[in-house]
Structure formats: structure tokens, C-alpha cells
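K.L.:
Generate coordinates for the sequence data below:
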Amino acid sequence: MPQSQMFRANVGVVVLDSRGRVLAFERASNDVTVQTDQWQLPQGGIDEGEEPTDAWQRELEEETGLSRRDVTVLGEYPDWLVYELPEHARHRGHVRGQAQKWFFVRLADGAQPDPLGAALGRGEHPEFRAFKWTTMTALAEEVWPIRKPIYDKLAEHLRSSGYC
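P.N.:
Okay, the predicted model is just below:
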């Protein structure tokens, strides 16, 4: 069976605190398509018929417990960022990689993420096992190597945008 050439549409959210640190999660999944023991930013697929601006808000709430009113939108990365999955990690041959649209937000005064009530505490097989606040540059060193070029671009965008 030939491998698919499809790239899954995805959104990511860089959540900044007042000190310019980003909210990161450590993967807990046993799914072979996901590298475990690696850190990442909140992200997820765009549902059929959903726009990226709606998808990032849904993913933000699902993974952090934060709603749109808990954050101030700073902007978005100007381009879609794409990575290809290694062959062993392709979802049963249906997805070759991901095309991601990234958004940057800052926590509103008094807002607090609740990942224990969201992604860390959900069901028997939670998506994440830990969270932390870190710098974007440090996080880029702790991500799945295939994602590192994207995280490096996000770190450079943060430096050049004035968001931090």
C-alpha cells in the first residue's frame, strides 16, 4: 500500500506569561506516532469545516483549561510550518506529516492555566504527564527532533516580534 501524501492540518498555541516564558507539556502517550519523554506546546488537529482561528481556541481550552477570554492575542506566525513524520510514526499510512498554523497569546492578568483539569487529568490515558513554564529557546532543545526546526522558527519569531 503506498504511503499517503496527506499532511494533517494542525494549529499550535504559544502561551506566554508576563515574564515571557512559554507553557510546555511533556507527552505521556504510548501511541507510536508520538515521541514520548519530549516536551511540546499546546497543539492539535483542525476539525473538518473548522477554521484555524477557531481551532486554536478549542485546543487552548482542551489542553490548558484556558478560554479565549483568559488570553490576549498577540499575533500569528506568518506562514504555515510543515514537518514530515518518520515512516514508523505515520498514522497507519494515512498521514505523511503535519502543516501547522501557530498563534501567540499572553495570559490575561489573573488568568491561570489548569492543565490538571484539562489535558493532564483526562481519562485513563492522559495526553500529557507534566507541564512547566520555560523559555522558547530552552524548549526547542527538548522537543522531538523532527519538530525542532519549527520550534527554532517560533523562538526567532518571538525574539523579532517584540512579544517578549
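
K.L.:
where are the low-confidence patches of the protein?
P.N.:
For the chain, the stretches with pLDDT under 70 are 1-4, 29-37, 91-93, 114-126.

K.L.:
80 instead?
P.N.:
The chain contains residues with pLDDT under 80 at 1-5, 28-37, 87-95, 110-129, 164.

K.L.:
Which residue ranges of it form strands?
P.N.:
With DSSP state E as the criterion, the chain has strands at 7-16, 22-27, 39-40, 43-45, 71-76, 81-84, 97-107, 128-134.

K.L.:
Serialize these to a markdown table and add fields for mean neighbour count and distance to residue 56.
P.N.:
(C-beta placed from N, C-alpha, C; glycine too.) Formatted as a markdown table, those follow (neighbours: other CB atoms under 10 Å; distance: least, CB to CB, whole Å):
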| stretch | mean neighbour count | distance to residue 56 |
| --- | --- | --- |
| strand 7-16 | 22 | 4 |
| strand 22-27 | 22 | 14 |
| strand 39-40 | 22 | 15 |
| strand 43-45 | 19 | 9 |
| strand 71-76 | 16 | 8 |
| strand 81-84 | 15 | 14 |
| strand 97-107 | 21 | 5 |
| strand 128-134 | 16 | 17 |
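
K.L.:
I'd like those laid out as TSV, including distance to residue 161.
P.N.:
Listed next are the strands of the chain as TSV, based on distance: least, CB to CB, whole Å:
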stretch	distance to residue 161
strand 7-16	10
strand 22-27	13
strand 39-40	21
strand 43-45	19
strand 71-76	7
strand 81-84	15
strand 97-107	7
strand 128-134	18
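
K.L.:
Roughly how far does the closest residue to residue 28 other than its chain neighbours sit from residue 15?
P.N.:
By the measure of CB to CB, 6 or more residues apart in numbering, the closest residue to residue 28 outside its immediate chain neighbours is residue 129, 3.7 Å from it. Here the distance between residue 129 and residue 15 works out to 18 Å (CB to CB, to the nearest Å).

K.L.:
beta partners of residue 10?
P.N.:
Beta bridges link residue 10 to residue 45, residue 100, judged by DSSP bridges.

K.L.:
got the contact list for it?
P.N.:
With CB atoms under 8 Å, 6 or more residues apart in numbering as the criterion, the residues that contact residue 10 are 43, 44, 45, 46, 98, 99, 100, 101.

K.L.:
Could you work out the most separated pair of the residues you listed?
P.N.:
Using CB to CB, the pair of these lying farthest apart is 44 and 99, separated by 13.2 Å.

K.L.:
Indicate which one of the strands of the chain is closest to residue 60.
P.N.:
Once the strands of the chain are compared by CB to CB, strand 7-16 is nearest, at 5.1 Å.
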